[in-house]
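Student: dropping the sequence and predicted coords here.
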Amino acid sequence: MPVNVVLGDLSFSLEFGRHPEANDDDELRIRTHLQYVGHMLQHVAPEYLRQPKHDQRNKLLEHLLHYSKCSPLPMNNCLATRTPVFIDKAGNACAVAHLIHVSGHRALAEQLDIHFHASSIAEIAMSAQGSGSDNMSTSRAHSKRAQTALQLLDWAKMHGFTVEELSLIQPGYTPRDQCLFAMVVAGLPICTSLVALSCIVVGAWAAAGCPATELGVMPVHRYALAVTLALPVTLLLFFVASYLTHVLRVDAPRAWYAFTIFVGLTVCITTVIFIIIAPWMWAAAKPPIWVQVFVVPAFLGHFVLWVWLSVLPCMSTHSLLKSPMKLPSPSDESDEVEDGLSNGPDALPEETEAEKPAKSKKPPSSLQDDQIAEGEGCKVHPFEVSSA
């Protein structure tokens, strides 16, 4: 899904010369979008704005550019699709909530998160438009939502923004927990299949009395390896039961839940037994080569699962496997904004006429170049910025 409901992935396409792919880093996509929108809004300020509002708008846009490089992004732990998130459980604020907070309206940002945690700016604006029809039958919660939505519109007007511009800023966030769960669901069958293969061959060999060993296998080891045959047998029963339940349309959730727990415990216990006993037996009894070969898949399965969960989610355009085409990006913001972040937008330094042309001559830089040098003077938590 596109990172923004209005612009889509235009910022990523302009920055890297291609459309985003499934394995592109989502955080990179979001930060690219925020930098693109920040620079764009700096150049399209409405002419009707008076100087105080114009200055407030520009200072908040400087905060937005700084936020796009240094601040942690919120996590989507509520929906299974890409959606806006105002403030997550860890206190990480989205771009719009961050701007509201640094402007001195932290309470408004928190109220927006309470009433519109995963709502778009357009949905909030619709709630504000419907506030005029409130009557005695309208719930107090709905009235509070409408009041909070109206406060957001008032804040935007007071600081020189329109609803459409806030919609341009607001990105959507992928469901990271759900994605990780999907990776586990996809990786576990591979790991379990490899372990089951080892248990079938080595367990059957142990049940046959461990023939062709040089030093002989201890009885305890032989019995323990034979017990690991329970893993493939249990998995076979699970698949048969799943098929019959689906075909016969059996509705017994409690029994199915208990059976699933039994299967899971059996798989875990037998896997642990195999992982402990098989190397011990290998070192002590020196089994035949073909047995040694079939011991390896059990350990390979866990390695595959580790690679699946650790490496694949981290593959992104930062990887050396990709070399995205660079296109000229807007000029970078002034480094002086970092010095003023600790005191809110009013503490940001004013540009002089002599600084403006020098700033415009600064060579363009890419987002990745900025991220390499990030961390110098960056405030890690968005709510560490105190309002003026």
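Tutor: Received the coordinates, thanks.
Student: quick one, domains of the protein?
Tutor: 10-174+324-384, 178-314 (automatic domain parsing).
Student: just name the most buried of the ones you listed.
Tutor: Mean neighbour count (mean count of other CB atoms under 10 Å) peaks for domain 10-174+324-384 among the domains of the chain, with a mean of 17. The C-beta positions use only the backbone N, C-alpha and C, and glycine is treated the same way.
Student: low-confidence regions, this protein specifically.
Tutor: Across the chain, the ranges flagged by pLDDT under 70 are 77-80, 130-142, 174-186, 307-388.
Student: could you dump the domains of the chain into JSON lines and include distance to Met1?
Tutor: Shown next, in JSON lines, are the domains of the chain (distance: least, CB to CB, whole Å):
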{"stretch": "domain 10-174+324-384", "distance to Met1": "4"}
{"stretch": "domain 178-314", "distance to Met1": "12"}
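Student: ok, Leu235 touching Leu197?
Tutor: No: the criterion here is CB atoms under 8 Å, and Leu235 misses it with Leu197 at 11.1 Å.
Student: what helix or strand does Thr270 sit in?
Tutor: Assessed by DSSP states H and E, Thr270 sits inside helix 253-285.
Student: which of the domains of the chain sits closest to Val3?
Tutor: If you check each of these against Val3 by CB to CB, domain 10-174+324-384 wins as the nearest, at 4.9 Å.
Student: check which helix or strand the residue nearest to Leu60 when sequence neighbours are not counted maps to.
Tutor: Spatial nearest neighbour of Leu60, chain neighbours left out: Leu99 (5.0 Å); criterion: CB to CB, 6 or more residues apart in numbering. Using DSSP H and E, Leu99 maps to helix 95-102.
Student: roughly how far out does that helix sit from the chain middle?
Tutor: Offset of helix 95-102 from its chain centre (CA atoms, centre = their mean, to the nearest Å): 20 Å.
Student: helices or strands up against that helix?
Tutor: If you count contacts as 3 or more CB pairs under 8 Å, 6 or more residues apart in numbering; DSSP states H and E, helix 95-102 packs onto helix 51-70, helix 106-115, helix 163-169.
Student: packing partners for the helix holding Thr270?
Tutor: By 3+ CB pairs under 8 Å, 6+ apart, helix 253-285 packs against helix 176-207, helix 219-227, helix 230-248, helix 289-310.
Student: run the chain-centre distance for the third one.
Tutor: So the one you mean is helix 230-248. Distance, centroid of helix 230-248 to centroid of chain: 34 Å (CA atoms, centre = their mean).
Student: likewise for stretch 240-259?
Tutor: 34 Å.
Student: same check on stretch 92-111?
Tutor: For stretch 92-111, the distance to the chain centre is 21 Å (CA atoms, centre = their mean).
Student: one more: stretch 100-120?
Tutor: With CA atoms, centre = their mean as the basis, the mean position of stretch 100-120 lies at 21 Å from the chain mean.
Student: can you check stretch 86-100 too?
Tutor: 15 Å.
Student: which outside residues touch it?
Tutor: Here stretch 86-100 makes contact (CB atoms under 8 Å, 6 or more residues apart in numbering) with 34, 60, 63-64, 67-68, 71-77, 84-85, 101, 106, 108-110, 112-113, 116-118, 121, 152, 155, 159, 166, 169-171, 173, 381-383.
Student: what sits up against stretch 268-287?
Tutor: 195, 198-199, 202, 205, 210, 212-218, 221, 224-225, 227-228, 230-231, 234, 292, 295, 298-299, 302.
Student: go on, stretch 151-167?
Tutor: Everything outside stretch 151-167 that qualifies as a contact, by CB under 8 Å, 6+ apart, is 5-6, 41, 45-46, 49, 53-54, 56-57, 60, 96, 99-100, 103, 105, 108, 111-112, 120-122, 124-125, 128.
Student: repeat that for 6 Å
Tutor: Stretch 151-167 is contacted by residues Val6, Leu49, Lys53, Gln56, Arg57, Val96, Leu108, Ile121, Ala122, Ile124, Ala125, Ala128 when judged by CB atoms under 6 Å, 6 or more residues apart in numbering.
Student: from Glu47, how far off is the third one?
Tutor: As judged by CB to CB, to the nearest Å, Lys53 and Glu47 stand 12 Å apart.
Student: how about Ser127?
Tutor: In terms of CB to CB, Ser127 sits 30 Å off from Glu47.
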